[in-house]
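In: Fold the following.
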Amino acid sequence: MSEALTLDTTGSATSPKGFIAAATYAGIKTYGEGKLDVGMLSSELPCTTAATYTQNVLHSASVDINRAKLAASPARAVIVNAGVANSSTGQRGIDDGYQMAAWAAERIGIDPAEVLVCSTGVIGHFLPMDKLQAGIAALNLDREGGEPFSRAIMTTDTRPKHASVRFGQYTLGGCCKGSGMIHPNMATMLAFLTTDAPVEQNFLQATLSEVVDRSFNLVSVDGDTSPSDTVLLFANGAAGGGVIDAGSPLASQFREALELLATYLAKEIARDGEGATKLVEFRVTGGATTAEARALVRLLSTSYLLKSAIHGADPNWGRVAAVIGRSGLTVNEPGVTVSICGIRVFEDECPTDFDPEKLSAEMRGDFVTVECHLGAGAGEATGWGCDLTAEYVSINADYHT
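Out: Residues are numbered from 1 along each chain as shown. Model prediction:
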C-alpha cells in the first residue's frame, strides 16, 4: 500500500465532499442494537455508479430493481431499511421497492431513477409501507448523517462499521453491515462506498469488482450467502481534478485506497460475526492458482470443526489438515505446511515438536491466524472469518421469533 494512504476509522460515507445522509427509527426493526432502521445516503451532485450483487439465485427485490436502474442510467442515492429483507416477495416486493425509491426521491427532490434501494432483515416478509413512508418523510439529510446511516442498516450487528481513506486530494468513505448469513459470492451483506474523486464509469466498475474479489468475497461467518448482498460505489467528482480512468496516473492509487477501505470493512464484518469472540485470518500460499488458494480460504473459514476448535483454543491442527485433504484442490503433500498463530505445527508430512500449551495460550487471544502452504504453485490468498460459539446458535434459533 502507498505510504500516502491513511485510514480513518471515524470516517463515514459522508466524509467525501458532496455526500449527505440521515437515519430514523420507523418501527420496522424489533431486534438488534440501536433504534434506527431507515437510512438514506445521497450525493448533492450527479455520480458515476458501480455495483456488485449476490449470486444467490433467489435474490431480493432490491437486487432486481438496482440492476434494472443502473443498466439504464447512473444513480446518486440509496434508501435502505433494516428489519425486513423484501426477499422472496414476488411482484409485490418489486412494486414496494420502486415505491420506496419514489418516496425517497421526492424527499430530496431528485428523479426516482437516481435512487437505488436496499433492504435487509427477515426473508419472506412484505415491507411495512406505511411505516416506511413515514420514516422517509422524517429524514433530514446532512453532512453529519454518515454515522447514523451506518447504524440504521444494522440487523444483528453489535456495532456500526464505517471508515474513510484519504488519497491525494480525494477521499473514499463507506460503511457496511453484516454479522450473520455471511458467505459472500460477489459482495458482502450490504456495503455503501463513496468518493469525491471524478472516476470514469468503466474503470469504477472494473476496480470495484476486482477489489470485492480480494476483500468482501473472502469473508465468511457461517457459509450462507444472503439473497440481499450488494456493494454500491458512488463517485461524484466534487473534489475536482481530471477524470480518473484506467490510464490515469492516479488509477493505481485509487485502486489501493479502495482496497484498503474494503479490506478494513470486510475484516470488521468477520470480527463482528454473530456470537464471535475472535477474528480469524486465513492465509494460503503455494496454491496451484489464485482461484485454488481462495477456494481453500473459504473452505477453512466455514469448517465448523475448525471454528469450534479455535473458539476453545484447542491446538488441534488436524482440523486444518483435514480441510486441506478433503478440498479436492491441487496439493503437493511433501511441501504442505500448517502454522497457527505463527507457530509451525506441520511440515515434511509430520507434526513438528511444538508446545501445545504455548499454542493454546496464543489462541486464547481475540485474533488468530491460520497459515497453510500447499507446495503446488504461486497462488495465494488471505481471507477472514471468526470462531463458532454457542451464542451463534442462540441468536439464530431466535432470529425470527
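In: Which of the three states applies to F254?
Out: In terms of secondary structure, F254 is helix; the call rests on DSSP: H, G, I helix; E, B strand; the rest coil.
In: Pull the number of nearby residues for it.
Out: Here the count is done by other Cβ atoms under 10 Å, and F254 has 23 residues near it. All C-beta atoms are positioned from the backbone trio N, CA, C, and that covers glycine.
In: what's near enough to touch it?
Out: Taking Cβ atoms under 8 Å, 6 or more residues apart in numbering as the contact definition, F254 lies against 167, 170, 195, 197, 199, 207, 244, 248.
In: any idea how far it lies from G247?
Out: Computed as Cβ to Cβ, to the nearest Å, the F254 to G247 distance reads 12 Å.
In: before we move on, what about H183?
Out: Going from H183 to G247 by Cβ to Cβ gives 36 Å.
In: more neighbours, those two?
Out: Here H183 and G247 are set side by side on neighbour count (other Cβ under 10 Å), and the busier one is H183, at 20 against 8.
In: where does that one land in three-state SS?
Out: With three-state DSSP as the basis, H183 sits in coil.
In: and it, what does it touch?
Out: By Cβ under 8 Å, 6+ apart, H183 lies in contact with 220-225, 298, 302.
In: just so I have it, where are all the strands in the stretch 51-200 of the chain?
Out: In order along the chain, the stretch 51-200 of the chain carries the following strands (DSSP state E, counting those that start in this stretch): 77-84, 115-122, 161-167, 170-177, 190-195.
In: Looking at these, which is nearest to S360?
Out: If you check each of these against S360 by Cβ to Cβ, strand 161-167 wins as the nearest, at 30.2 Å.
In: Restricting to C-alpha, output the closest one in CSV.
Out: Coordinates of each C-alpha in strand 161-167 appear next as CSV, following Å, rounded to 0.1, in the frame of the first residue of the first chain:
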residue,chain,number,x,y,z
LYS,A,161,-18.8,-0.4,10.7
HIS,A,162,-17.5,2.7,8.8
ALA,A,163,-14.3,4.4,7.8
SER,A,164,-12.7,6.7,5.2
VAL,A,165,-9.4,6.8,3.3
ARG,A,166,-7.5,9.9,2.0
PHE,A,167,-5.5,9.7,-1.2
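In: for it, which positions count as buried?
Out: When neighbours are counted by 16 or more other Cβ atoms under 10 Å, the buried residues of strand 161-167 are found to be 161-167.
In: Which single one of these is nearest to S179?
Out: Distance ranking of the buried residues of strand 161-167 against S179, using Cβ to Cβ, places K161 first at 9.5 Å.
In: Just to check, the closest one is in contact with G174?
Out: No: the pair formed by K161 and G174 falls short of the contact definition of Cβ atoms under 8 Å, at 9.1 Å.
In: Show me the common contact partners of the two, please.
Out: Shared contacts of K161 and G174, defined by Cβ under 8 Å, 6+ apart, are found at L265.
In: Quick one: find the helix or strand in this protein with the lowest mean pLDDT.
Out: Lowest by mean pLDDT, DSSP states H and E among the helices and strands of the chain is helix 390-397, with a mean of 82.
In: out of the contacts of H183, which are buried?
Out: Among the contacts of H183, the ones that count as buried by 16+ other Cβ under 10 Å are 220-223, 225, 298, 302.
In: what's the lowest-pLDDT member of the residues you listed?
Out: In this model, the minimum pLDDT among those belongs to T225 (69).
In: residues contacting K35?
Out: Going by Cβ under 8 Å, 6+ apart, K35 touches Y25.
In: Then the one 4 residues further on?
Out: Counting by Cβ under 8 Å, 6+ apart, G39 makes contact with 21-24, 79-81, 139, 148-153.
In: same check, this time on S248
Out: Counting by Cβ under 8 Å, 6+ apart, S248 makes contact with 203, 242, 254.
In: host element of the second one?
Out: G242 is part of no helix or strand, with elements assigned from DSSP states H and E.
In: Now the buried members of the contacts of G39.
Out: Of all those considered here, the ones buried according to neighbour count by 16+ other Cβ under 10 Å are 21-24, 79-81, 139, 148-153.
In: So which of these is the closest to A262?
Out: Closest to A262, out of all of the buried ones among the contacts of G39 and judged by Cβ to Cβ, is S150, at 15.1 Å.
In: tell me the contacts of that closest one?
Out: Shown here is S150, whose contacts under the criterion Cβ under 8 Å, 6+ apart are 12-13, 39, 160-162, 175, 177.
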